[in-house]
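Enquirer: structure for the following, please:
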Amino acid sequence: MRQRLLWKLLIGHIVPVFACIALVVWRSVDRRASEYYRMLSARYQIAPADAHRLFLDAIHRDLILGTTATLALTLILTYLLTRWVLRPLFQITASTKQVADGNYSERVKVVSRYEVGQLADAFNHMAENLEKIEALRKNMVADIAHELRTPLTNLRGYLEGLSDSVIPPSRETFRMLEQEVLRLVNLVEDLQQLARADAARAFLQRQELSLHELLEQIMDLYRPNFQEKEIEVRWHLEPGSELVTGDRDKLLQAIRNLADNAWKYTPRQGTVTVSALREEDGVRTVFANSGALVAAKDIPYLFERFFRADRSRSRSRDAGGAGIGLAIVKELIEAHGGTVGAESDQNGTRVWFTLPASR
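Expert: Numbering: from 1, shown residues only. Here you go, the predicted structure:
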């Protein structure tokens, strides 16, 4: 394939050019020589036919030899230059086959800053992203398996114990079985919410909304949860940050997930600050909580599905669930044309989303 492309470039560009040049020069020499010898014949009264023929034969012979030598030299130099230019394309072709076979660690060596080098950079960026996505996919499969295995194992053990009369059928046993079933139900509901969030772009019912009202509605719903952990809730709502355009139900779900996340990861007697700030590109809503610091290397993955910064913790209700909440927030906010982000330092963790302001 590479030789075929190389020779196509050489033959398709060089040979026609040289053929045209040789033909033009050939015809020009014939015409000029004929005019020159006619002038000699008229001025000096000589018959230049033999000299004319010998002159043309010599010129034609030199023209053929010169064209052939020049064409050969040009072919050699162009072959080497074209081979050097196409080498990254050959590498990208080979690397593409590796990526297509599932080897996402393949990279192309960048040898130029121009078009071919930019293509190599784009390929390496694509391969890097595919490698990250594949790693996240494997982690997601493992996490789903873990989510299902733990309650199912508990259910199986207790049901076998009840069936064999090893465990007495008490109220506490049935309550524990009910909690395990609820864990499975909650996981399925989270997955369904994530699927609906993926399709939210096509089903948004946009209207002008009061962002402050939506925030207060969700925080009132979670007031008993914050009071139970003695968490202080602070507000910072700037003027001009109230009106946004969006789907009421979808935004309530996104805010609910952020409030739920803040409640679960804020330590007892901590603080949660809810802010709404007006910016040039829209309105930013921030949920800031004390404690529960997130490592800098984990920040870019907080909104990925099933990602948890501390994978050693159990996935009970108080420990943060299955790690789908922030992924749902990302899908819902991006469906509205907004953005999400997070940062964490010694002052705590801040998670935010930005929505276009109402016109």
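Enquirer: okay, now the domains of the chain?
Expert: 2-103, 130-196, 205-355 (automatic domain parsing).
Enquirer: just the terminal-to-terminal distance for the last one.
Expert: Which is domain 205-355. 15 Å (Cα to Cα, to the nearest Å).
Enquirer: give me the mean pLDDT for that domain.
Expert: For domain 205-355, mean pLDDT is 83.
Enquirer: just name the most buried of the domains of the chain.
Expert: Highest mean neighbour count of the domains of the chain: domain 205-355, a mean of 17 (counted as mean count of other Cβ atoms under 10 Å). For the C-beta atoms, the positions are set from N, CA and C on the backbone; glycine is no exception.
Enquirer: for the domains of the chain, give me CSV that also has distance to K109.
Expert: CSV is the format used below for the domains of the chain (distance: least, Cβ to Cβ, whole Å):
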stretch, distance to K109
domain 2-103, 7
domain 130-196, 17
domain 205-355, 26
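Enquirer: nearest approach to Q118 belongs to which of the ones you listed?
Expert: With respect to Q118, and counting by Cβ to Cβ, the nearest of those is domain 2-103 at 10.3 Å.
Enquirer: ok, and the closest non-adjacent residue to Y158?
Expert: L177 (5.8 Å; Cβ to Cβ, 6 or more residues apart in numbering).
Enquirer: same check on K330?
Expert: F303 (4.1 Å).
Enquirer: checking the one you found next. Helix, strand or coil?
Expert: Look at F303: counting by DSSP: H, G, I helix; E, B strand; the rest coil, its state is coil.
Enquirer: try T285
Expert: strand.
Enquirer: hang on, it packs against L251?
Expert: No. Counting by Cβ atoms under 8 Å, L251 is not a contact partner of T285; they are 9.4 Å apart.
Enquirer: quick check: neighbours shared by the two?
Expert: Residues touching both T285 and L251 (Cβ atoms under 8 Å, 6 or more residues apart in numbering) are 211, 355.
Enquirer: who's in contact with the residue nearest to K330?
Expert: So F303 contacts 326-327, 329-330, 340, 342 (Cβ under 8 Å, 6+ apart).
Enquirer: narrow those residues to those in strands?
Expert: Assignment to strands by DSSP state E places the following of the contacts of F303 there: 340, 342.
Enquirer: which pair of the contacts of F303 spans the longest distance?
Expert: By the measure Cβ to Cβ, A327 and A342 form the most distant pair in these, at 12.5 Å.
Enquirer: kindly state the pLDDT recorded for the residue nearest to E180 when sequence neighbours are not counted?
Expert: Leaving aside its chain neighbours, E180 sits nearest to P151 (4.2 Å; criterion: Cβ to Cβ, 6+ apart). Looking at P151, its pLDDT stands at 78.
Enquirer: P151 contacts L184, correct?
Expert: Yes. Using Cβ under 8 Å, P151 makes contact with L184 at a distance of 5.3 Å.
Enquirer: closest one of the contacts of F303 to N129?
Expert: Lowest distance from N129 to those (Cβ to Cβ) belongs to K330, with 16.2 Å.
Enquirer: how close does T70 sit to T78?
Expert: Using Cβ to Cβ, to the nearest Å, one obtains 12 Å as the distance from T70 to T78.
Enquirer: and T354, helix, strand or coil?
Expert: Per three-state DSSP, the local secondary structure of T354 is strand.
Enquirer: that one and L211, how far apart?
Expert: To L211, T354 is 11 Å away according to Cβ to Cβ.
Enquirer: mutual contacts of those two, please.
Expert: Counting by Cβ under 8 Å, 6+ apart, the residues touching both T354 and L211 are 283, 285.
Enquirer: between the domains of the chain, which one is nearest to A122?
Expert: Nearest to A122, of all the domains of the chain, is domain 2-103, at 9.5 Å by Cβ to Cβ.
Enquirer: tell me which element R350 is part of?
Expert: Using DSSP states H and E, R350 sits in strand 348-355.
Enquirer: neighbouring strands of that strand in the sheet, and parallel or not?
Expert: Using DSSP bridges, strand 348-355 pairs in its sheet with strand 282-289 (antiparallel), strand 339-345 (antiparallel).
Enquirer: what's next to that strand, contact-wise?
Expert: By Cβ under 8 Å, 6+ apart, the residues outside strand 348-355 that reach it are 211, 244-246, 251, 254, 258, 261-262, 265, 271, 279, 281-294, 302, 326, 329, 333, 336-344.
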